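Asker: Below: sequence and its predicted model.
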Amino acid sequence: MATLEPYAGVSQSPVSNYQPTRGAVIKVLGLGGGGSNAVDRMIQLGLSGVEFIAANTDGQALLNSSAPVKIQLGPRFTRGLGAGGAPEVGEKAALESRDEIAEALAGADMVFIAAGMGGGTGTGSIPVAAEISRSLGALTIAVVTTPFAFESKRRMSAARGGIEQLRPHVDTLIVVPNDRLLDIADKHTSLEVAFQAADDVLRQGVQGIAELITRPGLINVDFAHVRSLMQLAGGAFLAIGHGRGPNKAVEAAQEALCQPLLDFGAVDQAAGVLAHFTGGDDLSLHEVSKAFDVIREAAGADAEIVFGATIDLALAGEAQVILIATGVGGQPLNAIVAGASEMVIKPRSASTQQNRLPEGETAVDPRQARPAALPVSPRLMEWVVAEPSLAAQAVDSNDLDEPAFLRRRRALLHQRG
């Protein structure tokens with residue numbers, strides 16, 4: 001019996017017009033010491049689905065990096081000896097290595113650039129790298145930290161200058177003032193741990209956005225949606241919250257909304273809000289939905305909100321949310337960058353948190369002064385007890401249906417001015 005030959009006009013594929021699609025190509029570029037440390041931390045914690053690149057003028061530091069792709073910036077100009085804290089040296093080194101940077105970033109749909117501002121390499125090279133990234137058509141997101149107030153006015157001045165040069169070359173700029181970390185850290189925190197925490201904030205900002213796209217989870221978000229949110233004009237703010245127990249997702253959302261890293265009012269003013277929850281396999285869709293409601297209530301009525309949730313088996317009984325407010329507008333970002341250079345460290349007692357005041361001003365009664373920032377839990381309740389007048393001021397007979405953490409934020413905003 002003769003066998004039938006397939007008809008030439010019919011495809012043998014079950015779906016004749018199917019074309020396999022590739023996922024979004026995401027690359028992370030760490031510049032200088034702070035950026036390279038953040039990249040190493042991401043690699044150490046197993047962030048997958050992204051390509052890592054470290055670039056530095058310091059040849060020895062670059063040799064110690066775990067990044068699979070390494071770029072020696074300005075090998076002829078700096079000879080691998082670093083930038084000596086001079087941003088102009090970092091800029092010239094990056095310009096010398098333009099081709100290497102472009103080659104490493106080629107083909108990316110999204111590029112994260114991480115750097116600690118104030119030094120030579122990160123501050124000087126990041127505007128150059130960002131300009132190259134955008135010229136290649138990639139969505140370009142910069143996550144940078146500003147120096148601690150105790151470091152020096154020169155470093156803060158360099159950081160401010162670098163941020164202003166960087167701003168026109170990125171789609172989203174997230175600035176995290178290291179000094180805000182002092183409002184979270186215990187007073188006995190060592191200097192080494194403080195700087196490690198600063199590097200880790202860079203890591204969490206990048207990871208929170210990247211994993212929305214790269215990791216399938218309870219609630220998935222596509223690249224196009226994230227891209228539209230990240231291209232909203234204006235500043236961006238980052239906050240991280242944690243929770244434990246049966247209400248862990250809601251607690252994480254409340255902590256993020258009340259955290260020092262998130263400028264007061266940023267969520268209210270944001271054109272877009274991105275919230276990425278991560279928890280163990282006991283994280284339910286129901287509790288995440290309740291946490292989403294908390295964030296939705298805090299955001300402005302017209303804000304575009306993108307939610308995502310992924311599972312990490314190491315977080316059993318816990319939840320974490322990374323909250324990013326975008327399209328906030330230029331003024332809040334300018335205020336953070338400018339204000340950080342004027343902060344001075346004041347001693348803090350165990351029971352209450354002292355304000356940081358501009359130089360030349362004297363301290364006033366803490367009950368009359370606006371707290372520099374709201375502490376993260378569990379010290380949140382200590383703050384409420386220490387400042388009963390502020391807590392009472394937040395409540396009237398018509399406000400009892402409003403969540404307590406929103407009343408506290410509203411009171412802070414009212415007292416701020």
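Answerer: Received it, and whenever you're ready, just let me know what you need.
Asker: contacts and neighbour counts: CA atoms only from here.
Answerer: Will do.
Asker: element containing the residue positioned nearest the centre of the chain, please.
Answerer: For the chain, the residue nearest the mean C-alpha position is Gly205 (3.0 Å; Cα atoms, centre = their mean). In the assignment (DSSP states H and E), Gly205 maps to helix 191-214.
Asker: buried set for whatever helix or strand comes next after that helix?
Answerer: The C-terminal neighbour of helix 191-214 among helices and strands, as given by DSSP H and E, is helix 223-230. By neighbour count on 16 or more other Cα atoms under 10 Å, the buried set for helix 223-230 is Phe223, Val226, Arg227, Leu229, Met230.
Asker: Not counting sequence-adjacent ones, nearest residue to the last one?
Answerer: Leaving aside its sequence neighbours, Met230 sits nearest to Thr172 (Cα to Cα, 6 or more residues apart in numbering; 5.7 Å).
Asker: Assess the claim that that neighbour and Ile141 are in contact.
Answerer: Yes - counting by Cα atoms under 8 Å, Ile141 is a contact partner of Thr172 at 4.8 Å.
Asker: Find residues that contact each of those two.
Answerer: In terms of Cα atoms under 8 Å, 6 or more residues apart in numbering, Thr172 and Ile141 are both contacted by the residues Met230.
Asker: mind listing the strands for the protein?
Answerer: Assigned by DSSP state E, the strands in the chain fall at 26-31, 50-56, 69-72, 110-116, 139-146, 172-177, 237-244, 272-279, 304-311, 318-326.
Asker: quick revisit: any idea which of the buried residues of helix 223-230 is closest to Gly124?
Answerer: Met230 (23.7 Å; Cα to Cα).
Asker: Check the gap between that closest one and Ala299 for me.
Answerer: Separation of Met230 from Ala299 (Cα to Cα, to the nearest Å) stands at 16 Å.
Asker: Kindly report the same for Glu318.
Answerer: 24 Å.
Asker: do Ala198 as well
Answerer: 27 Å.
Asker: Which residues are in contact with Glu192?
Answerer: Glu192 neighbours (Cα under 8 Å, 6+ apart): none.
Asker: Just the pLDDT at it, thanks.
Answerer: You'll see Glu192 listed with a pLDDT of 79.
Asker: between the buried residues of helix 223-230, which is closest to Glu91?
Answerer: Nearest member of the buried residues of helix 223-230 to Glu91, counting by Cα to Cα, is Met230, at 25.8 Å.
Asker: Spit out the contact partners of the residue nearest to Met230.
Answerer: So Thr172 contacts Thr140, Ile141, Ala142, Met230, Gln231, Leu232, Ala233, Gly234, Gly235, Ala236, Thr326 (Cα under 8 Å, 6+ apart).
Asker: Any stretches of the stretch 151-300 of the chain with poor pLDDT?
Answerer: 184, 233-234, 260-266 (pLDDT under 70).
Asker: repeat that for 50
Answerer: Counting by pLDDT under 50, the stretch 151-300 of the chain shows low-confidence ranges at 264.
Asker: just so I have it, where are all the helices in the stretch 1-150 of the chain?
Answerer: All helices of the stretch 1-150 of the chain, identified by DSSP state H, counting those that start in this stretch, fall at 32-44, 59-63, 75-78, 87-96, 98-105, 121-135.
Asker: Output these as TSV; include the columns mean neighbour count.
Answerer: TSV is the format used below for the helices of the stretch 1-150 of the chain (neighbours: other Cα atoms under 10 Å):
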stretch	mean neighbour count
helix 32-44	25
helix 59-63	17
helix 75-78	16
helix 87-96	23
helix 98-105	18
helix 121-135	26
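Asker: mind checking which of those helices is nearest Glu255?
Answerer: helix 32-44 (23.4 Å).
Asker: If you count neighbours, what's buried in stretch 64-83?
Answerer: Within stretch 64-83, the residues scored as buried using 16+ other Cα under 10 Å are 65-67, 70-75, 77-78, 80, 82-83.
Asker: picking that back up, using PDB, write out every CA atom in the helix holding Gly205.
Answerer: The C-alpha atoms that make up helix 191-214 are tabulated as PDB, following Å, rounded to 0.1, in the frame of the first residue of the first chain:
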ATOM      1  CA  LEU A 191      30.900  51.400  60.000                       C
ATOM      2  CA  GLU A 192      31.500  48.300  57.900                       C
ATOM      3  CA  VAL A 193      27.900  47.000  58.300                       C
ATOM      4  CA  ALA A 194      26.600  50.500  57.500                       C
ATOM      5  CA  PHE A 195      28.400  50.500  54.200                       C
ATOM      6  CA  GLN A 196      27.300  46.900  53.500                       C
ATOM      7  CA  ALA A 197      23.700  48.000  54.100                       C
ATOM      8  CA  ALA A 198      24.200  50.800  51.500                       C
ATOM      9  CA  ASP A 199      25.400  48.400  48.900                       C
ATOM     10  CA  ASP A 200      22.500  46.000  49.700                       C
ATOM     11  CA  VAL A 201      19.900  48.800  49.100                       C
ATOM     12  CA  LEU A 202      21.300  49.100  45.600                       C
ATOM     13  CA  ARG A 203      21.000  45.300  45.200                       C
ATOM     14  CA  GLN A 204      17.400  45.200  46.500                       C
ATOM     15  CA  GLY A 205      16.300  48.100  44.200                       C
ATOM     16  CA  VAL A 206      17.600  46.300  41.100                       C
ATOM     17  CA  GLN A 207      16.400  42.900  42.200                       C
ATOM     18  CA  GLY A 208      12.900  44.100  43.000                       C
ATOM     19  CA  ILE A 209      12.300  45.300  39.500                       C
ATOM     20  CA  ALA A 210      14.200  42.600  37.600                       C
ATOM     21  CA  GLU A 211      12.500  39.700  39.300                       C
ATOM     22  CA  LEU A 212       9.100  41.100  38.400                       C
ATOM     23  CA  ILE A 213      10.000  40.200  34.900                       C
ATOM     24  CA  THR A 214      12.300  37.200  35.200                       C
END
